[in-house]
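1. got a structure for you, letters missing:
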């Protein structure tokens, strides 16, 4: 089943309202939980990984991190443009989602001042601290947060632009949009997006809560772009459905009935027309 695609027959599916309430409660609760244990999670990261990843693990992190870079989106759009008849719909949806995500992430980075993990360690380190783990062991959950910046005094220092994670947002934008148009690749795309987000935590450039919020921004940006795409697709889908129902397809009466009733409803949020050549 494709993400963001829901067929709405007559009435509302049972449990939809409860599911939405559960999600709206879980998202902020998860953020608060991660903020509470950000320092403990970073300490655990240094206990397991050490000061920096090495060997094949380092190469793997570098590879999945690229999903959050601009070049990954450019390569994806080039491939789509060369093989898919829906090229403009997919490319424009992806560009819009990336734009929304970038605006939200940069707004957060410029106005919310938070030390990146490595910067927080350097800031709170004293001569008595033997290593980075000693600094993290005495840090409190709120120590990484500095405060807000007014529009006339924006936060432009990379060391304090930890919140939210831009790589996480970009990775989830790319995964969400492409998974909607290519559902068979969804498992791979979502796996890469999660790995991209976690790589920022393992690289000690973002706290886990930064990665969580960045991932949510990316997912929400893709959802908004796909909803806009659906609003343009819906009239065409309705006309297409009327044409099919109005025609008399070949076969006996039972086959014709199955064709009409199995036709996707005009209320589908997204209907992918065309396909790969």
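-> Structure's in. What do you need? Quick caveat: nothing in here was measured; it's all calculated off a predicted structure.
2. use CA for all of it now, contacts and neighbours both
-> Fine.
3. how about residue 94, what does it touch?
-> The contact partners of residue 94, by CA atoms under 8 Å, 6 or more residues apart in numbering, come to 173, 174, 177, 222, 225.
4. helix, strand or coil for residue 53?
-> On the three-state scheme (DSSP: H, G, I helix; E, B strand; the rest coil), residue 53 is labelled coil.
5. ditto for residue 147
-> Using three-state DSSP, the secondary structure recorded for residue 147 is strand.
6. Thought residue 114 was touching it, still the case?
-> Yes: using CA atoms under 8 Å, residue 147 makes contact with residue 114 at a distance of 7.2 Å.
7. any idea where the helices of the stretch 151-277 of the chain begin and end?
-> 166-181, 186-202, 208-246, 253-261 (DSSP state H, counting those that start in this stretch).
8. measure residue 124 to residue 148 for me?
-> Per CA to CA, to the nearest Å, residue 124 is found 20 Å from residue 148.
9. what's the answer for residue 88, then?
-> Distance, residue 88 to residue 148, using CA to CA: 40 Å.
10. how about stretch 31-46: buried residues?
-> Residues of stretch 31-46 classed as buried: 31, 34, 35, 37, 38, 39, 40, 41, 42, 43, 45, 46 (neighbour count, 16 or more other CA atoms under 10 Å).
11. a markdown table for these, including distance to residue 54 and secondary structure?
-> Conversion of the buried residues of stretch 31-46 to a markdown table gives the following (distance: CA to CA, whole Å; DSSP: H, G, I helix; E, B strand; the rest coil):
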| residue | distance to residue 54 | secondary structure |
| --- | --- | --- |
| 31 | 30 | helix |
| 34 | 26 | helix |
| 35 | 28 | helix |
| 37 | 26 | helix |
| 38 | 23 | helix |
| 39 | 22 | helix |
| 40 | 22 | helix |
| 41 | 20 | helix |
| 42 | 17 | helix |
| 43 | 18 | helix |
| 45 | 14 | helix |
| 46 | 13 | helix |
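12. any idea of the pLDDT on residue 269?
-> The model reports residue 269 with a pLDDT of 35.
13. Can you show me the strands along the stretch 51-200 of the chain?
-> For the stretch 51-200 of the chain, the strands defined by DSSP state E, counting those that start in this stretch cover 112-114, 145-148.
14. deepest of those, which one?
-> strand 112-114 (a mean of 24; mean count of other CA atoms under 10 Å).
15. Tell me which other helices or strands that one touches.
-> With contacts taken as 3 or more CA pairs under 8 Å, 6 or more residues apart in numbering; DSSP states H and E, strand 112-114 sits against strand 145-148.
16. Adjacent strands (with direction) for the strand it packs on?
-> In the sheet, strand 145-148 lines up against strand 112-114 (antiparallel) (DSSP bridges).
17. Am I right that residue 45 is in contact with residue 200?
-> No: here residue 45 lies out of contact with residue 200, judged by CA under 8 Å, at a distance of 11.5 Å.
18. Need the strands of the stretch 51-200 of the chain in TSV (columns: distance to residue 78 and mean pLDDT).
-> Listed next are the strands of the stretch 51-200 of the chain as TSV, based on distance: least, CA to CA, whole Å; pLDDT from 0 to 100:
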stretch	distance to residue 78	mean pLDDT
strand 112-114	35	97
strand 145-148	39	94
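19. Okay then, goodbye and thanks.
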